[in-house]
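# here is a sequence together with a model predicted from it:
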Amino acid sequence: MSIQGQILEVRVTGCRKLRDTEFFTRQDPYVCIDYATNKFRTRTCTDGGRNPTFDEKFHIPLIEGLRELTVTVWNSNTLTHDDFIGNGRVQLHKVLTRGYDDASWPLQTRHMR
């Protein structure tokens with residue numbers, strides 16, 4: 001079955017127990033999703049701390065042969081570069097066969113036909 005041109009809906013609901021990159025204030029996290037040349041970004045969750053919520057959806061056109069999404073979480077800073085919090089990968093073969101990836105990611109994915 002070819003996945004070329006099919007749409008994957010990715011819903012970023014939130015994060016739990018993030019590494020805290022701030023010392024004096026609450027961090028302002030956001031999530032980036034990379035797939036091929038497509039880049040998606042949630043809004044910044046101001047004062048989201050270690051457990052931000054987003055509830056945002058992205059529609060990603062799939063490309064044959066590319067079976068992985070990269071997810072990166074950043075802390076937004078005003079005066080300096082944004083701080084890297086963490087990253088991981090979502091295996092699309094799990095999403096495409098089961099309808100979800102059972103990784104310990106606080107993100108939900110759904111394959112749309």
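Arrived safely.
# assign Thr97 to helix, strand or coil.
helix (DSSP: H, G, I helix; E, B strand; the rest coil).
# and it, how many neighbours does it have?
9 (other C-beta atoms under 10 Å). C-betas here are computed from N, CA, C, even on glycine.
# which pLDDT value belongs to it?
Note on Thr97: pLDDT of 80.
# tell me how far it lies from Gln91.
Counting by C-beta to C-beta, to the nearest Å, the separation of Thr97 from Gln91 is 10 Å.
# joint contacts of these two?
Common neighbours of Thr97 and Gln91, counting by C-beta atoms under 8 Å, 6 or more residues apart in numbering, are absent.
# wait, Asp55 touches Val31, no?
No. Asp55 lies out of contact with Val31 (C-beta atoms under 8 Å); the separation is 11.4 Å.
# quick one: common contacting residues for those two?
Joint contacts of Asp55 and Val31 (C-beta under 8 Å, 6+ apart) are Val12.
# more crowded one of those two?
Val31 (26 against 9).
# who's that one bridged to?
Val73 (DSSP bridges).
# give me the distance between it and Trp74.
Val31 is 8 Å from Trp74, by C-beta to C-beta.
# go on, Val90?
Relative to Trp74, and taking C-beta to C-beta, Val90 is found at 17 Å.
# kindly report the same for Cys15.
11 Å.
# okay, and the common contacts of the two?
In contact with both Cys15 and Trp74: 29, 31, using C-beta under 8 Å, 6+ apart.
# who's more crowded, these two?
Set Cys15 next to Trp74 and count neighbours by other C-beta under 10 Å: Cys15 wins out with 25 against 22.
# low-confidence stretches in this structure?
1, 100-113 (pLDDT under 70).
# for it, just list every one of the helices.
92-98 (DSSP state H).
# Cys32: how many residues sit nearby?
Neighbours of Cys32 (other C-beta under 10 Å): 16.
# wait, Lys39
10.
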